[in-house]
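K.L.:
coords below, sequence missing:
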């Protein structure tokens, strides 16, 4: 039985990669986000499974879908999150991250806490939902839907402009507020499954929050320092250097979450920053480029599998015909956008005075670029597959989180190009444009001078 299950899972992974390759090829030049297309395909597969079409005609495929739809949700976090986070941090420019770290911290901690609290309050007061949820559930849900994942926005910024500071700010906020969201989720999820605790207070929650953050940073520094020290003693051996990066990423996350019960995301971000900073001087020059491409490929595989998987689970579990759920989802989408805007604009006076400052136009991009992604989905799956919670509650949380991910990627992600053009952020800043023009003129002058010299060369006079 275990052997058959292993073969089915392997088959699902292989088919997922084929589907991902086909989707990526078909979407070239299209404005449809890759992750949304995969989620829709996953929904289609789940609906076929639910309608008994696959069990009757393709029993092996049906068995594979049954198996993956019941996957342990914590496995998704431990399997995919280290890859996604390490790749994002390693691809960032560390010197920019350091310059704007104060702004990133403000957005990822106070800003995220504001958004999560406002969302929880709106849900608790029944402004967004018609259901009567307990306060631990409301605050847990607020943390889940406040974690941002601006992959599509950052990719668009890389294509249409050279706004590296804005890219780093968006991506850095996403990485750190993932850690904040998971810490808050863990705290309130524990209260929810134990039906609350009489000694809970703001002081206790705050102390637990800062403890898991600080200890997570220490674990990342310790493991990262040892790994980089080892890599520094190796020269031009890609097998060892890449293997150490993989082992370090997964070890630090598992050690933090499973053994010490602190923030694995913070530990992982700290580790990846060490690799992206001082680690680049220790990694062999011949290996550095290959290492970046390797982690980019790993992140692509993780995104492909997780969005297909979530689509299948949603379609096999959630009552998609429930009109009340759909209307609640659209109310939630509007409410989350307004709350995100409120949190950004409340932080704006401080953001203007720290780091490199921020303009009104960039604040609008930050507001509209608050997409939701893999972390929200993984946390929703944990709730949905917890047998100690009511099945209806799990289905509601999963549907709303997955729907919010799709709507933010589909609406915000696809319209970001128009927003950037409206704000005139789809072009280089005036100073950079002037510098680029001077460089272009200098290149032309040097080119004409070289051509004249070549025409005077006795061996090249007759050349065209």
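P.N.:
Sure, I can see it. The structure presented is a predicted model; accordingly, all values stated were derived computationally and were not measured. Numbering: from 1, shown residues only.
K.L.:
Excluding sequence neighbours, find me the nearest residue to the residue nearest the centre of the chain.
P.N.:
What sits nearest the mean C-alpha location of the chain, by CA atoms, centre = their mean, is residue 149, with 3.8 Å. Distance criterion CB to CB, 6 or more residues apart in numbering; nearest residue to residue 149, sequence neighbours excluded, is residue 373 at 2.6 Å. C-beta here means a position set from N, CA and C on the backbone, and glycine is covered the same way.
K.L.:
how close does the one you found sit to residue 84?
P.N.:
9 Å (CB to CB, to the nearest Å).
K.L.:
quick one: low-confidence parts of the protein?
P.N.:
Applying pLDDT under 70 to the chain picks out residues 1-3, 31-32, 55, 73, 150-162, 195-207, 428.
K.L.:
quick one: residue 365 and residue 371, what's the gap?
P.N.:
12 Å.
K.L.:
what about these two, which has more around it?
P.N.:
residue 371 (27 against 24; other CB atoms under 10 Å).
K.L.:
Determine the set of other helices and strands touching whichever strand or helix holds residue 403.
P.N.:
Assessed by DSSP states H and E, residue 403 sits inside helix 391-407. In terms of contacts (3 or more CB pairs under 8 Å, 6 or more residues apart in numbering; DSSP states H and E), helix 391-407 is packed against helix 34-50, helix 135-145, helix 285-317, helix 323-351, helix 374-384.
K.L.:
count of neighbours near the residue nearest to residue 149?
P.N.:
That count, for residue 373 with other CB under 10 Å as the rule, works out to 23.
K.L.:
repeat for residue 399
P.N.:
22.
K.L.:
just residue 58 next, same as before
P.N.:
14.
K.L.:
so what's it up against?
P.N.:
By CB atoms under 8 Å, 6 or more residues apart in numbering, the contact list for residue 58 is empty.
K.L.:
give me phi/psi at it?
P.N.:
Here is the backbone geometry of residue 58 (degrees, to the nearest 10): phi -130, psi 80.
K.L.:
can you check residue 172 too?
P.N.:
Given degrees, to the nearest 10, the pair of backbone angles that residue 172 has is phi -60, psi -40.
K.L.:
How about it, nearest residue that isn't a chain neighbour?
P.N.:
residue 104 (3.9 Å).
K.L.:
what's in contact with the helix or strand where that neighbour lies?
P.N.:
For residue 104, the host element (DSSP H and E) is helix 101-106. Contacts with helix 101-106, where a contact means CB under 8 Å, 6+ apart, come from 97, 169, 172-173, 176, 347, 350-351, 354-356, 358.
K.L.:
Now residue 346: closest residue in space, sequence neighbours ignored.
P.N.:
residue 114 (6.3 Å).
K.L.:
phi, psi of the residue nearest to residue 149?
P.N.:
According to degrees, to the nearest 10, residue 373 has phi -150, psi -140.
K.L.:
before we move on, the earlier item: reformat the helices and strands packed on helix 391-407 as JSON lines; add mean neighbour count and distance to residue 246.
P.N.:
Formatted as JSON lines, those follow (neighbours: other CB atoms under 10 Å; distance: least, CB to CB, whole Å):
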{"stretch": "helix 34-50", "mean neighbour count": "21", "distance to residue 246": "23"}
{"stretch": "helix 135-145", "mean neighbour count": "25", "distance to residue 246": "28"}
{"stretch": "helix 285-317", "mean neighbour count": "20", "distance to residue 246": "8"}
{"stretch": "helix 323-351", "mean neighbour count": "17", "distance to residue 246": "34"}
{"stretch": "helix 374-384", "mean neighbour count": "26", "distance to residue 246": "19"}
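K.L.:
Adding distance to residue 63, write these out as TSV.
P.N.:
Formatted as TSV, the helices and strands packed on helix 391-407 follow (distance: least, CB to CB, whole Å):
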stretch	distance to residue 63
helix 34-50	10
helix 135-145	31
helix 285-317	13
helix 323-351	29
helix 374-384	20
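K.L.:
quick one, which of those is nearest to residue 227?
P.N.:
Nearest to residue 227 among those is helix 285-317; the distance by CB to CB comes to 12.7 Å.
K.L.:
now for the closest one, which elements pack on it?
P.N.:
Counting by 3+ CB pairs under 8 Å, 6+ apart, helix 285-317 packs on helix 2-26, helix 34-50, helix 59-69, helix 73-90, helix 238-254, helix 374-384, helix 391-407.
K.L.:
Tell me which of those helices sits most buried.
P.N.:
helix 374-384 (a mean of 26; mean count of other CB atoms under 10 Å).
K.L.:
which element is residue 229 on?
P.N.:
helix 202-232.
K.L.:
And that helix, how far out from the chain middle?
P.N.:
20 Å (CA atoms, centre = their mean, to the nearest Å).
K.L.:
And stretch 432-448, by the same measure?
P.N.:
Worked out by CA atoms, centre = their mean, stretch 432-448 lies 38 Å from the chain centre.
K.L.:
I'd like to know which of the helices and strands packed on helix 285-317 is closest to residue 277.
P.N.:
Shortest distance between residue 277 and the helices and strands packed on helix 285-317, using CB to CB, is found for helix 73-90: 10.0 Å.
K.L.:
next structured bit after that closest one?
P.N.:
From helix 73-90, the next helix or strand downstream (DSSP H and E) is helix 94-99.
K.L.:
so what does that next one touch, helix or strand wise?
P.N.:
Looks like helix 94-99 contacts helix 164-193, helix 264-276 (3+ CB pairs under 8 Å, 6+ apart).
K.L.:
repeat that with 6 Å
P.N.:
helix 164-193 (3 or more CB pairs under 6 Å, 6 or more residues apart in numbering; DSSP states H and E).
K.L.:
and the helix it packs on, what does it pack onto?
P.N.:
helix 94-99, helix 101-106, helix 135-145, helix 151-160, helix 264-276.
K.L.:
For these, give me a markdown table that also has distance to residue 435.
P.N.:
A markdown table is the format used below for these (distance: least, CB to CB, whole Å):
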| stretch | distance to residue 435 |
| --- | --- |
| helix 94-99 | 18 |
| helix 101-106 | 25 |
| helix 135-145 | 42 |
| helix 151-160 | 19 |
| helix 264-276 | 26 |
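K.L.:
Please identify the deepest-packed of these.
P.N.:
Comparing these by mean count of other CB under 10 Å gives helix 264-276 as most buried, with a mean of 27.
K.L.:
Heading C-terminal from that one, find the next helix or strand.
P.N.:
Following helix 264-276 in sequence, per DSSP H and E, is helix 279-282.
K.L.:
how far out from the middle of the chain is the helix holding residue 403?
P.N.:
18 Å.
K.L.:
residues in contact with that helix?
P.N.:
36, 39, 144-145, 314, 317-318, 325, 329, 332-333, 372, 376-377, 380, 383-384 (CB atoms under 6 Å, 6 or more residues apart in numbering).
K.L.:
Can you check which of the helices and strands packed on helix 391-407 gets nearest to residue 216?
P.N.:
Closest among the helices and strands packed on helix 391-407, using CB to CB: helix 374-384, at 15.5 Å.
K.L.:
Next, the angle helix 73-90 makes with the closest one.
P.N.:
Between helix 374-384 and helix 73-90, the angle comes out at 170 degrees (axes from the mean of the first three to the mean of the last three CA atoms, to 10 degrees).
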